[in-house]
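Peer 1: Return a 3D structure for these sequence lines:
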Amino acid sequence: MDRVDFVDTTFRDGHASLWAEGMTTGMMLPVAAQMDAAGFKSMEIIATSHFKKCVRELREDPWERMRLLSKKVTKTPLVLMMGHNITAFDLTPFSLLKLFMERIAAAGINQIEVMDAANDMNFRVPECVRFAREAGLKVSLPLIYSYSPKHSDAYFAQRTHDAAQLKPDVIYLKDSGGLLTPDRARTVIPAMLAHTGGIPLELHSHCTTGLAPLCYLEAVKAGCRTLHTAIPPLANGSSQPSIFNVMKNLRMLGYDSSVNEEALSPVSRHFTYIAKREGLPIGVPLEYDEYQYIHQVPGGVISNLKHQLAQMRMEDRLNNVLEEIVKVKEDLGYPIMVTPFSQFVASQAAINIMTGERYKQVTDEIIMYCLGFWGREASSEVNPNIKDRILSLSRAKELGSFEPPQPSIEEIRQNLGGSSVSDDDLILRYIIQEEKEILAMRAAGPPREYFTSTNPLVMIIHELLQRGELGYVHVSKGDFSLTLQKHGGMGRG
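Peer 2: I've put the predicted structure just below:
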């Protein structure tokens, strides 16, 4: 039988999609070795976007997360997802990008996924690939799927050819919005396979419109042999399809799998227990939503729009903003609705609605988009009339001469604390900006294992010590006796 391989996304995109990147290192560690033994082709474990969440909210060191997981996962390649920068809304100096590649490799990462929001394989991606190779990393190049007059099968065939010229280890179709349909999978996958030059092609989709599991089956029929899936309860919803569901359906079609799904049942129980205990979402299949194909706005961006409109007492204008997003997207040449472009488009659409006049006020991000700050190819697609109007603004003239700086590591280090700052902390300071947040993370101590039903006695003791009225816990059985005294506040589980 034909074998289908799987990339696991549970530790990265699974909880990014369903738990707002809220999975702690302590939740991952108890099941990491089991996942390593399951037979995945690779495992996504972190993205550059997770660094801020780890430090500011979870009070965890993302470097330590990578190091600890690499000790548990010794057979399966560990993957980091990133754009061609390490923060979402600026262009990281190349000197720092090179250092970042070296440091993630030292922390245990084996492979990176480098994404350009416009699928421009000539804009900064070649430098990222070179830095990764020099650091000893394998490289995966995602091509982001979108649905528009511009994004034809011929478009994706050409972009696949462009990506293959950089000689990555993997190319994959990244359907961030869940916009791929089974009919389109039957045509776009063969078009891409014809231009990979023998480089493996993978498929990564989200269940946002409910069609991803069907698209996976059609992609396999069309020749794709690696799929990105998650483990329930971190599958379905806005996450990836469930590996259990996909494997079951593939077997019915006569395909074999590289993964031992029995080894993953305890992992699923582990995270289901955590979800119920912490009140976290459990991914469920979603109903089909035709409107998603029209506005294409990611769920997180819609949530932020609702919050902003509520602050201005304009909650009733959300549908107007979504309709304006469709128009702005067309004006700008159909940028793909992923970070940072989805935020740029949504913000400008909201301003157009709030001011009552289109492009009366224009954000710096849209101006810089038109100026080519995010790639000449992206700016070349903007409607000429809209582009002329935007670039005639006085602010556009101010920004027109801006060139992204390319300081050396020594210059960056001098600006972020001096020679005593380690490489890892230098990168954290660049990403986080506020040293007090990093100090608070350090003060919280190392990650601690999350207690679950797999170690019930420890879990019970931990729960008892969380109760403010108890000062100690005494356990005895036969000749065994143990007393635990509580001193100060308890740490996180």
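Peer 1: The closest residue to Ala212 other than its chain neighbours bridge partners, please.
Peer 2: In this structure, Ala212 finds its nearest non-sequential neighbour in Ser205, 4.0 Å apart by Cβ to Cβ, 6 or more residues apart in numbering. Where C-beta positions appear, they are placed from N, C-alpha and C, glycine not excepted. Bridge pairing for Ser205 (DSSP bridges) gives the partners Asp175.
Peer 1: Might you report the residue contacts of Ser205?
Peer 2: Shown in contact with Ser205 (Cβ atoms under 8 Å, 6 or more residues apart in numbering): Tyr145, Asp175, Gly178, Leu180, Ala212, Cys215, Tyr216, His228, Gln240, Pro241.
Peer 1: gap between it and Tyr145?
Peer 2: The gap separating Ser205 from Tyr145 is 8 Å, by Cβ to Cβ, to the nearest Å.
Peer 1: which residues are common contacts for the two?
Peer 2: Shared contacts of Ser205 and Tyr145 (Cβ under 8 Å, 6+ apart): Asp175, Leu180.
Peer 1: Now, the contacts of Ser205 that are in helices?
Peer 2: The helices, defined by DSSP state H, take in Ala212, Cys215, Tyr216 from those.
Peer 1: Just send the residues you listed back as TSV, with pLDDT, distance to Arg251 and neighbour count too.
Peer 2: Output for the ones in helices among the contacts of Ser205, formatted as TSV (pLDDT from 0 to 100; distance: Cβ to Cβ, whole Å; neighbours: other Cβ atoms under 10 Å):
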residue	pLDDT	distance to Arg251	neighbour count
Ala212	97	18	31
Cys215	98	18	30
Tyr216	98	13	27
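Peer 1: just curious, which of the residues you listed is nearest to Gly283?
Peer 2: Gly283 lies nearest to Ala212 out of the ones in helices among the contacts of Ser205, by Cβ to Cβ, at 11.7 Å.
Peer 1: So in the protein, where's the weakest helix or strand by average pLDDT?
Peer 2: Here the helix or strand of the chain ranked lowest by mean pLDDT, DSSP states H and E is helix 456-465, holding a mean of 64.
Peer 1: got the buried residues for stretch 33-41?
Peer 2: For stretch 33-41, burial by neighbour count (16 or more other Cβ atoms under 10 Å) applies to Gln34, Met35, Asp36, Ala38, Gly39, Phe40, Lys41.
Peer 1: pretty sure the fourth one is touching Ser258, no?
Peer 2: Okay, so that is Ala38. No. At 9.0 Å, Ala38 does not count as touching Ser258 under the criterion of Cβ atoms under 8 Å.
Peer 1: Number of residues surrounding Thr483?
Peer 2: For Thr483, the count of nearby residues is 9 (other Cβ atoms under 10 Å).
Peer 1: Revised request: answer the last question for Phe89.
Peer 2: For Phe89, the count of nearby residues is 10 (other Cβ under 10 Å).
Peer 1: mind checking the SS state of it?
Peer 2: The local conformation at Phe89, judged by DSSP: H, G, I helix; E, B strand; the rest coil, is coil.
Peer 1: ok, the residue nearest to it when sequence neighbours are not counted - contacts?
Peer 2: Spatially, and ignoring its direct neighbours in sequence, Phe89 is nearest to Pro340 (5.3 Å; Cβ to Cβ, 6+ apart). For Pro340, the contact set (Cβ under 8 Å, 6+ apart) comprises Ala88, Phe89, Ala117, Glu365, Trp374.
Peer 1: Contacts for the helix or strand hosting Cys128, please.
Peer 2: Using DSSP states H and E, Cys128 maps to helix 125-134. For helix 125-134, contacts defined as Cβ under 8 Å, 6+ apart pick out 82, 84, 94, 97-98, 100-102, 112, 114, 116, 138-139, 141, 166-168.
Peer 1: and this structure, what are its domains?
Peer 2: 3-278, 303-399, 409-443, 456-485 (automatic domain parsing).
Peer 1: now the strands for the stretch 1-150 of the chain?
Peer 2: For the stretch 1-150 of the chain, applying DSSP state E, counting those that start in this stretch gives strands covering 3-8, 42-47, 78-83, 111-115, 138-144.
Peer 1: neighbouring contacts of the first one?
Peer 2: This means strand 3-8. Contacts to strand 3-8, defined as Cβ under 8 Å, 6+ apart, come from residues 35, 38, 40-44, 79, 202, 204, 220, 225-231, 243, 246, 250, 255-259.
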